[in-house]
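Student: Any chance you could fold what I've pasted below:
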Amino acid sequence: MQLSVGGTAGKRQIQGLVVGLLGLALAWELAPWIIAGSDRTLIMFGLSLAVGAFFVYILSNWRIGVLVFFIWLLFEDLSRKYLGNATVLFFGKDLLVAVVYLSFYLAKRRHKVEVLKIPFIVPLAIFFWFAVIQVFNPWSPSPLYGLLGLKVYFYYAPLMLIGYAMMDRPADLERFLVVNVLAGIVIAGLGIAESVLGTSFMTPDDIAPELYDLTHTSRSSPITHSISTVTSSVFVSSGRFSFYLVLLWILVMGTQGYLLLSRRPGAKYGFIGIGVVTVATMITGTRTPFVFMIFSAIVMTAAFLWGAPRSWSEGHRLVKALRRAFLIGAIGLILMATVFPVVFGDHWRFLSETLSIGGEGSQLQGRAWEYPMLNLQLAFQHERWLQGYGTGVTSLGMQYVERLINVPAPSIGVENGYGNLVIEMGILGPILWLFWVSTFLWSGWKVVRQLRATVYFPMAFAIWWYGFVLLILLVHFGLNAYQDFVNNAYLWVLIGILYRLPKLAQMPQPIPVAKHARGMARWQLAMGRR
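Tutor: So this is what the prediction gives:
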């Protein structure tokens, strides 16, 4: 017994000695960086240690890995702003989600997860393999551009399997929604602060040169010539922020409807989110989120009323929720206009003058229809519009391939997503795209109809509507919105959640806690105290 104890103590002493030596070695390596004031090197080193620890943990818990991935996805650009636009930072999220995929696969091998049978797998597979063939298009500058195209089109598609499997019970859905709504409130709030304090609030002075123009832009209203600052919040471009606001407003609206109908206490975050996101949409300096906020508000309100529970009390509750949501949004705008009238006024003049129907400076018809259709026609003026130039030659992120192989991509892209599909994959590109998208929307709509008159209907319709907006409407203006990693990853995980909702609806639902009892301690509830 004494030998055993002694052996254990000796083993611990050896382990302590090893840890101490590692600590000395680490201090020896860090000392020159600290003395030289290499803040970025130290931060990068710390991030590497944190990411490595997360990787090890995620291998044993892929569910936590999903939440970590989405939080990192949202704030990754912030590290690129302050640590330089290093390639390792841009692709860090891809390594992170690869570890999530591996962890999920191992759990699947142990039969610990349910796997989604994808209703639109055949048309999606056809489009995928056609894109793979186009990687080897002889007119492509390099197959690496094709691999980049495959990444931006399909790399996050497995997230729909993960989104489906991670929703074991209604509480999982509530947790996912609340975490993402809270993150959205922070990001939208930082965008509002940036519009007031200036771009220097969220952008360092020594930002990478290739990111400077993306984070320092402004808009001028055509009649009054008011200058409004375009905000980017935590992202490296105003475009990414505006596309994220389109997603966020739809997500918050669906979350609010679900949490209120299920009478969950997290509904307060939805109300806050509506107010903050509405104000952020107004002051972002871009028209896209504002137009789609108005459009989505009309469509989703009508849909929520159509799909409200048959019970008069529940239907009335949803109507009250919609009324309160719009009221909170209006209050947010009034407060912004009162406290910061100059900032709000400049943005309002830009939006009202460029979006007025038939107004002197209106660009509504031109930007919404004429300009994208002109670019679609330009796509067919390219010499090889029939067979295309290869997957990825108009994709986001081409600068990283150019930097790697020093072979520039041809400047042949157009500002129409269907036109870019023609340029990349030929005439079959947009046809196969519409084939898989329409199949998904049809199967998804059947799920939405199935959930009508349940508490899950608002969330189901919000996911379906976001798919329609991203895959049909925004593609009319370009592929950037779909290829952007934030919108793309959310699309696929939400698709998986959509197909899981019918099973959640069949489970015993959480018992709503009475409003007067939400602040009571557990023992008081157990004793039945009022």
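Student: which residues in the stretch 151-300 of the chain form helices?
Tutor: According to DSSP state H, counting those that start in this stretch, the stretch 151-300 of the chain carries its helices in the segments 159-165, 170-197, 209-215, 238-261, 267-283, 287-306.
Student: for the longest one, packing partners?
Tutor: The helices and strands touching helix 170-197, judged by 3 or more CB pairs under 8 Å, 6 or more residues apart in numbering; DSSP states H and E, are helix 62-83, helix 238-261, helix 267-283, helix 341-355, helix 485-505. Yep, even glycine has a C-beta here, placed from its N, CA and C like the rest.
Student: winner for burial among those helices?
Tutor: Highest mean neighbour count among these (mean count of other CB atoms under 10 Å): helix 238-261, with a mean of 26.
Student: ok so residue 359 is a strand residue?
Tutor: No. Assigned with DSSP: H, G, I helix; E, B strand; the rest coil, residue 359 falls outside any strand and is coil.
Student: Tell me where the model's unsure across this protein.
Tutor: Residues of the chain that meet the criterion pLDDT under 70 lie in 1-54, 86-90, 266, 310-317, 509-530.
Student: ok, back up a step: who wins for proximity to residue 420 among the helices of the stretch 151-300 of the chain?
Tutor: Residue 420 lies closest to helix 238-261 among the helices of the stretch 151-300 of the chain, at 15.5 Å (CB to CB).
Student: my guess is residue 152 meets residue 396, correct?
Tutor: Yes. Contact status for residue 152 versus residue 396: in contact at 5.8 Å, counting by CB atoms under 8 Å.
Student: got any residues that touch both of those two?
Tutor: The contact sets of residue 152 and residue 396 overlap at residue 483 (CB atoms under 8 Å, 6 or more residues apart in numbering).
Student: show me where the stretch 351-500 of the chain has helices.
Tutor: Counting by DSSP H, counting those that start in this stretch, the stretch 351-500 of the chain has helices at residues 364-365, 371-379, 398-405, 417-425, 428-450, 457-468, 480-483, 485-505.
Student: Need the ones you listed in a markdown table (columns: distance to residue 166).
Tutor: Putting the helices of the stretch 351-500 of the chain into a markdown table (distance: least, CB to CB, whole Å) gives the following:
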| stretch | distance to residue 166 |
| --- | --- |
| helix 364-365 | 41 |
| helix 371-379 | 37 |
| helix 398-405 | 30 |
| helix 417-425 | 30 |
| helix 428-450 | 17 |
| helix 457-468 | 15 |
| helix 480-483 | 23 |
| helix 485-505 | 8 |
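Student: Out of those helices, flag the one nearest residue 81.
Tutor: Distance to residue 81, taken as CB to CB, is lowest for helix 485-505 among the helices of the stretch 351-500 of the chain, at 15.2 Å.
Student: Between helix 170-197 and the closest one, find me the angle.
Tutor: 150 degrees (axes from the mean of the first three to the mean of the last three CA atoms, to 10 degrees).
Student: Could you list which residues are in contact with residue 481?
Tutor: Contacts of residue 481 (CB under 8 Å, 6+ apart): 243, 246, 470, 474-475, 487.
Student: okay, the residues you listed in a markdown table with distance to residue 448 next?
Tutor: Shown next, in a markdown table, are the contacts of residue 481 (distance: CB to CB, whole Å):
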| residue | distance to residue 448 |
| --- | --- |
| 243 | 23 |
| 246 | 19 |
| 470 | 16 |
| 474 | 20 |
| 475 | 21 |
| 487 | 20 |
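Student: coming back round to it: adding distance to residue 55, write the helices of the stretch 151-300 of the chain out as CSV.
Tutor: Below are the helices of the stretch 151-300 of the chain laid out as CSV (distance: least, CB to CB, whole Å):
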stretch, distance to residue 55
helix 159-165, 16
helix 170-197, 20
helix 209-215, 27
helix 238-261, 26
helix 267-283, 30
helix 287-306, 34
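Student: and of the ones you listed, who's closest to residue 365?
Tutor: Residue 365 lies closest to helix 287-306 among the helices of the stretch 151-300 of the chain, at 12.5 Å (CB to CB).
Student: on contacts alone, who are the packing partners of the closest one?
Tutor: helix 238-261, helix 267-283, helix 312-339, helix 341-355, helix 457-468.
Student: Switch the ones you listed over to CSV; also include distance to residue 106.
Tutor: Shown next, in CSV, are the helices and strands packed on helix 287-306 (distance: least, CB to CB, whole Å):
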stretch, distance to residue 106
helix 238-261, 30
helix 267-283, 33
helix 312-339, 41
helix 341-355, 49
helix 457-468, 28
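Student: Could you point out which of those sits nearest residue 361?
Tutor: Residue 361 lies closest to helix 341-355 among the helices and strands packed on helix 287-306, at 4.5 Å (CB to CB).
Student: returning to what we had before: quick check: which of the helices of the stretch 151-300 of the chain is nearest to residue 341?
Tutor: helix 170-197 (11.4 Å).
Student: From the chain's centroid, how far away is the closest one?
Tutor: Counting by CA atoms, centre = their mean, to the nearest Å, helix 170-197 is centred 11 Å from the centre of its parent chain.
Student: Ok, stretch 397-404 next?
Tutor: In terms of CA atoms, centre = their mean, the centre of stretch 397-404 is set 23 Å apart from its chain centre.
Student: same thing with stretch 234-250?
Tutor: Per CA atoms, centre = their mean, the centroid offset for stretch 234-250 relative to its chain is 8 Å.
Student: Now for the closest residue in space to residue 402 that isn't next to it in sequence, how many residues are close by?
Tutor: Spatial nearest neighbour of residue 402, chain neighbours left out: residue 408 (5.4 Å); criterion: CB to CB, 6 or more residues apart in numbering. Neighbours of residue 408 under the rule other CB atoms under 10 Å: 12.
Student: do residue 102 as well
Tutor: 15.
Student: tell me the contacts of it?
Tutor: Residues in contact with residue 102 (CB under 8 Å, 6+ apart) are residue 59.
Student: rewinding a little: can you redo the helices and strands packed on helix 170-197 as TSV with distance to residue 439?
Tutor: Shown next, in TSV, are those (distance: least, CB to CB, whole Å):
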stretch	distance to residue 439
helix 62-83	26
helix 238-261	22
helix 267-283	31
helix 341-355	34
helix 485-505	12
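Student: Show me the one of these that comes nearest residue 389.
Tutor: So among the helices and strands packed on helix 170-197, helix 485-505 is nearest, using CB to CB, at 22.2 Å.
Student: So which elements touch the closest one?
Tutor: On a contact count with 3+ CB pairs under 8 Å, 6+ apart, helix 485-505 meets helix 62-83, helix 159-165, helix 170-197, helix 238-261, helix 428-450, helix 457-468, helix 480-483.
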